[in-house]
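> give me a 3D structure for the following:
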Amino acid sequence: MSTGPLVIKFGGTSLGSPARIRRAARRVASHVRRGRQAVVVVSAMGRATDRIVRLLAGVSAGRPDGREADRALATGEDLSAALLAAALAGLGIPARSLRGGEAGVWAEGGFCGGRIEDVDPAPLRRLLAAGTVPVVAGFQAVRDDGETVTLGRGGSDTSAVAIAAALRPAECHIVTDVRAVHDRDPRAHPDARPIGEMDPLALLVLAEGGARVVHPTAARLAAERGVPLRVYHHAAPLSGRGGTVVRVVPALEAA
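Residues are numbered from 1 along each chain as shown. Modelled structure (predicted):
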């Protein structure tokens, strides 16, 4: 795996309670204390996005304005970022929460359907150089006109992989609610088998086939940009060992 910065993305289940946020902070702190630079990307807590969607529908007769919808939806990730940064500070780890645009994530496209166009790593590199952990709100970016746009469901995965690609060489950990990538969805198939190591293209096939561990857009970007991934459960050892390693396997590298 890479010896560059480590990007750790926490899904909503991983941040679903104060205890889980504190555990996420301890995970990040364990890497930082071993001398690793870390950038964190977060989803909204639990079902916060669903609650925001219901609120929007309730106040707008089911037809929310796109701009206001994106500004409301982005608050879920903003809150997660601030809470996790506060938890890190409580452990003595300097941290700063950032909205997507503040972290250098630029997008194009309409409201509620933005696409990452570029990531300027300079804001993140400045914080890392100062010994501060950036905690980035995923799922959101800023357009050239200064407007915030969201990236659609699974957008935080894409935010994390895009940031890791911009900080290259870097690796990306996806902390989720399953212990590894499986050959089938373990939520629906109790006999699904975990996969210890796999090629990025194999992950992409699974993701596009409906596996919900890594969003297909993020899996495609990781394969295209050569970003190594590790996928594991939020209760896994703080070192991040185990789970599934996604990288070009040596046999393919030598072919």
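
> pretty sure residue 186 sits against residue 177.
No. Under the criterion of CB atoms under 8 Å, residue 186 is not in contact with residue 177, lying 10.0 Å apart. (Each C-beta comes from the backbone N, C-alpha and C, glycine too.)

> where does this protein have low pLDDT?
Along the chain, the model assigns pLDDT under 70 to residues 1-2, 240, 249-255.

> tell me where it has helices.
With helices called from DSSP state H, the chain shows them at 18-33, 48-59, 66-90, 122-129, 155-166, 200-208, 216-225, 250-254.

> stretch 188-198 spans what distance, first to last residue?
Between the opening and closing residues of stretch 188-198 lies a distance of 21 Å (CA to CA, to the nearest Å).

> burial count for residue 230?
A total of 23 residues lie near residue 230 under the criterion other CB atoms under 10 Å.

> for residue 97, same thing?
Neighbour number of residue 97 under other CB under 10 Å is 24.

> again with residue 59
11.

> so it versus residue 53, what's the distance?
Residue 59 sits 11 Å away from residue 53 when distances are taken as CB to CB, to the nearest Å.

> beta partners of the residue nearest the centre of the chain?
For the chain, the residue lying nearest the average C-alpha position, counting by CA atoms, centre = their mean, turns out to be residue 9 (3.4 Å). Counting by DSSP bridges, residue 9 forms beta bridges with residue 41, residue 174.

> and it, how far is that from residue 28?
Distance from residue 9 to residue 28, by CB to CB: 11 Å.

> residues shared between the contacts of those two?
Both residue 9 and residue 28 are contacted by residue 40, under the criterion CB atoms under 8 Å, 6 or more residues apart in numbering.

> ok, residue 222 - contacts?
Residue 222 neighbours (CB under 8 Å, 6+ apart): 161, 172, 200, 203, 214, 228, 229, 246.

> 7 Å instead?
Residues near residue 222 by CB atoms under 7 Å, 6 or more residues apart in numbering: 161, 200, 229, 246.

> most neighbours among the residues you listed, which one?
Using other CB under 10 Å as the neighbour test, the contacts of residue 222 are led by residue 161, with 31 neighbours.

> okay, now the closest residue to residue 156 other than its chain neighbours: neighbour count?
Excluding its sequence neighbours, the residue lying closest to residue 156 (CB to CB, 6 or more residues apart in numbering) is residue 138, at 2.9 Å. By other CB under 10 Å, 31 other residues sit near residue 138.

> shouldn't residue 138 be in contact with residue 162?
No. Assessed by CB atoms under 7 Å, residue 138 is found out of contact with residue 162, at 9.8 Å.

> what about stretch 81-99, start to end distance?
Across stretch 81-99, first to last residue, CA to CA, it's 8 Å.

> check stretch 111-121 too.
Start-to-end span of stretch 111-121 (CA to CA) is 24 Å.

> buried residues in it, which are they?
Within stretch 111-121, the residues that count as buried by 16 or more other CB atoms under 10 Å are 111, 114, 116, 119, 121.
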